[in-house]
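> Sharing a model prediction with you, sequence too.
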Amino acid sequence: MTTIDFRTDPVTARRHRVVSLVTHADIPDIVWADDATGCYGVRARDAKGNQIVVERSGSIRIVSARR
């Protein structure tokens with residue numbers, strides 16, 4: 001199981017993708033993810049336009065990005 005955090009280690013996190021196991025598509029705007037718990041955070045904007053991190057959960061998998 002893997003945990004990544006783009007805020008604390010962007011170089012290592014850039015080498016990974018977070019994929020939804022339901023749609024088999026990449027999840028955009030990931031801030032952090034933990035595939036052991038299925039929780040992840042994505043960048044979003046609130047009603048005033050301020051950037052926030054929204055926590056979500058679901059079936060995800062963190063995989064190595066191929067170059």
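Here it is on my side, so go on.
> hey, what's S57 bridged with?
Partner residues in beta bridges with S57, using DSSP bridges, are C39.
> Surely it is in contact with C39?
Yes. Here S57 reaches C39: they are 4.8 Å apart, a contact under C-beta atoms under 8 Å. For every residue, glycine as well, the C-beta is placed using N, CA and C.
> neighbour-wise, which of the two wins?
The neighbour comparison of S57 against C39 (other C-beta atoms under 10 Å) goes to C39, with 15 against 10.
> On the three-state scheme, the residue of the chain positioned farthest from its centre is what?
The C-alpha centroid of the chain is most remote from K48, which lies 23.5 Å away (C-alpha atoms, centre = their mean). Secondary structure state of K48, per DSSP: H, G, I helix; E, B strand; the rest coil, is coil.
> For it, give its distance to T2.
34 Å (C-beta to C-beta, to the nearest Å).
> Give me the helix or strand of the chain that scores worst on average pLDDT.
Using mean pLDDT, DSSP states H and E, the weakest-scoring helix or strand in the chain turns out to be helix 10-13, at a mean of 82.
> Tell me which other helices or strands that one touches.
Counting by 3 or more C-beta pairs under 8 Å, 6 or more residues apart in numbering; DSSP states H and E, the packing neighbours recorded for helix 10-13 are strand 3-5.
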